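# Show me the folded form of this:
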Amino acid sequence: MATFESDGVTLSYADEGEGAPVVMIHGFASNMAVNWANTSWVRTIVSSGRRAIRIDNRGHGASEKLYDPAFYRTDFMGADAIRLLDHLGIEKATLFGYSMGARIAAFATLGAPERVSTLILSGMASALVDGHSGSDKIAGALGAASRDDITDPQALGYRVFAEQTKSDLGALAACIQASRQKLTADEVGRIAVPTLVVAGADDAVSGSADALAAMIPGAEAVTLPGKDHMTAVGDRGHKSAVIDFLDRHSA
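Below you'll find the predicted structure:
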């Protein structure tokens, strides 16, 4: 594991394999190990002949913890991914994000389209435009003294997951208040790189893959039968769809 500086914030990353670079951006309350290594995604990408580059988002994993929501704007985190490319001397890469990581990847692509070869948005579909509710409740749950004080089931689920991933609850509470920036249909319509949208059929968080793909010129959609937001991450069908997409769009 190594670190780099992005606008004064120290961020952790890992870099494995050789070949076309794939920058993998994890979801909220997760980290590069939980989202990508523990689910065998790193092995999948590297064994396909590609370079798997993972980042711990600000406030997550081994990266610097910040406690002001102003530091967690999605466009700021998108810029972190582009600065990692700068740090590694990479001109262009695939951006592959899951959940919040997909939102970050979309913002990064719109902010620096010349740096992105292909885009994979997983676990974040039409909700990228439609948005989410409950951010304040989740922030409150993360700041609660005890799980017993949390009455909202969704917020409790985030608290449990954050504890399982040994996350800094204060940093996550700040992050959730600023990182759910929406894009408009017109904005996602400006994404001009080959794009794959993947979501579980039972994923109540991400929304519809077909609906988001319809807003992005030429985008492809894959819906994973019987999978929800958590079980879709390491699904074999998910991996097959991503590798097939990358194979068809390799330079």
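# ok, so what distance separates residue 169 from residue 156?
As judged by Cβ to Cβ, to the nearest Å, residue 169 and residue 156 stand 13 Å apart. C-beta coordinates here come from the backbone N, C-alpha and C atoms, glycine included.
# swap that for residue 99, sorry
18 Å.
# what's the lowest-mean-pLDDT helix or strand in the chain packed up against?
Lowest by mean pLDDT, DSSP states H and E among the helices and strands of the chain is helix 135-143, with a mean of 86. Helices and strands touching helix 135-143, by 3 or more Cβ pairs under 8 Å, 6 or more residues apart in numbering; DSSP states H and E, are helix 153-164, helix 169-176.
# Highest mean neighbour count across these, which stretch is it?
With neighbours defined as mean count of other Cβ atoms under 10 Å, the helices and strands packed on helix 135-143 peak in mean count at helix 169-176, which reaches a mean of 23.
# Average pLDDT for whichever helix or strand comes after that one, rounded please.
Going down the chain from helix 169-176, the next helix or strand is helix 185-188, by DSSP states H and E. In this model, helix 185-188 has an average pLDDT of 98.
# on that earlier part again, redo the helices and strands packed on helix 135-143 as a markdown table? Include distance to residue 106.
Below are these laid out as a markdown table (distance: least, Cβ to Cβ, whole Å):
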| stretch | distance to residue 106 |
| --- | --- |
| helix 153-164 | 21 |
| helix 169-176 | 17 |
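# Out of these, the one nearest residue 15 is which?
Nearest to residue 15, of all the helices and strands packed on helix 135-143, is helix 169-176, at 23.9 Å by Cβ to Cβ.
# which residues sit against that closest one?
Identification of contacts with helix 169-176 by Cβ atoms under 8 Å, 6 or more residues apart in numbering yields 28-29, 57-60, 65-69, 71-72, 135, 138-140, 142-143, 158-159, 162-163.
# distance of the most centrally placed residue in the chain from residue 150?
Nearest to the geometric centre of the chain sits residue 101, at 1.2 Å (Cα atoms, centre = their mean). Residue 101 sits 25 Å away from residue 150, going by Cβ to Cβ.
# for residue 73, same thing?
In terms of Cβ to Cβ, residue 73 sits 26 Å off from residue 150.
# same deal with residue 104?
Taking Cβ to Cβ, one finds residue 104 at 27 Å from residue 150.
# what about this protein, any weak spots by pLDDT?
Across the chain, the ranges flagged by pLDDT under 70 are 251.
# 50 instead, please
The chain contains no residues with pLDDT under 50.
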